[in-house]
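S.K.: Just to be clear, the model below is a prediction. Sequence and coordinates:
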Amino acid sequence: MALLDTAQLDAMASGVPELLHEIVTDFETSGRASLARLEAALREARFPDAKDILHQLKGASGTMGLIRFQKLCKECEEHVVARTYPPRFEELAPLLTESVQAACAHLVVD
């Protein structure tokens with residue numbers, strides 16, 4: 001699966017990639033904070049809170065075209081809905097960074 005949906009990124013940029021670049025980099029910052037809250041929710045078995053966090057991350061990443069990160073959020077969300085710890089949780093933070101870096105590189109190139 002592709003890391004990004006570049007057509008979605010381009011559509012969101014609407015000819016002004018520098019604005020979306022800022023939004024994407026802000027998403028990494030807020031995403032890291034969300035992942036920290038997610039980790040705490042999982043540690044405390046607060047599955048409804050974990051679901052809400054993952055749902056928000058999934059939606060925002062999909063809107064920006066970070067499709068592999070979106071898919072992993074969806075997979076993790078399915079686990080927390082079933083009240084189980086997502087086995088791929090540790091992959092979220094590195095994939096967030098990789099996705100944001102790729103999106104930023106795409107926005108600069110095009």
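M.R.: Good, I have the coordinates.
S.K.: List the contacts of residue 2.
M.R.: 67, 68 (Cβ atoms under 8 Å, 6 or more residues apart in numbering). No exception for glycine: its C-beta is placed from N, CA and C like everyone else's.
S.K.: separation between it and residue 56?
M.R.: 23 Å (Cβ to Cβ, to the nearest Å).
S.K.: burial count for residue 84?
M.R.: 11 (other Cβ atoms under 10 Å).
S.K.: And the residue sitting furthest away from the middle of the chain, how far from residue 67?
M.R.: Distance from the centre of the chain peaks at residue 15, with 23.0 Å (Cα atoms, centre = their mean). Distance, residue 15 to residue 67, using Cβ to Cβ: 22 Å.
S.K.: Check residue 6 too.
M.R.: Distance from residue 6 to residue 67, by Cβ to Cβ: 10 Å.
S.K.: for residue 46, same thing?
M.R.: 28 Å.
S.K.: again, but for residue 10
M.R.: Taken as Cβ to Cβ, the span from residue 10 to residue 67 is 14 Å.
S.K.: Tell me which of the two has more neighbours.
M.R.: residue 67 (19 against 16).
S.K.: Test for you: state the pLDDT assigned to the closest residue in space to that one that isn't next to it in sequence.
M.R.: Distances taken as Cβ to Cβ, 6 or more residues apart in numbering place residue 5 nearest to residue 67, at 4.8 Å, with adjacent residues excluded. On the pLDDT scale, residue 5 is placed at 95.
S.K.: Ok, residue 110 next?
M.R.: Listed pLDDT for residue 110 reads 45.
S.K.: Would you mind listing where the chain has pLDDT under the threshold?
M.R.: Applying pLDDT under 70 to the chain picks out residues 109-110.
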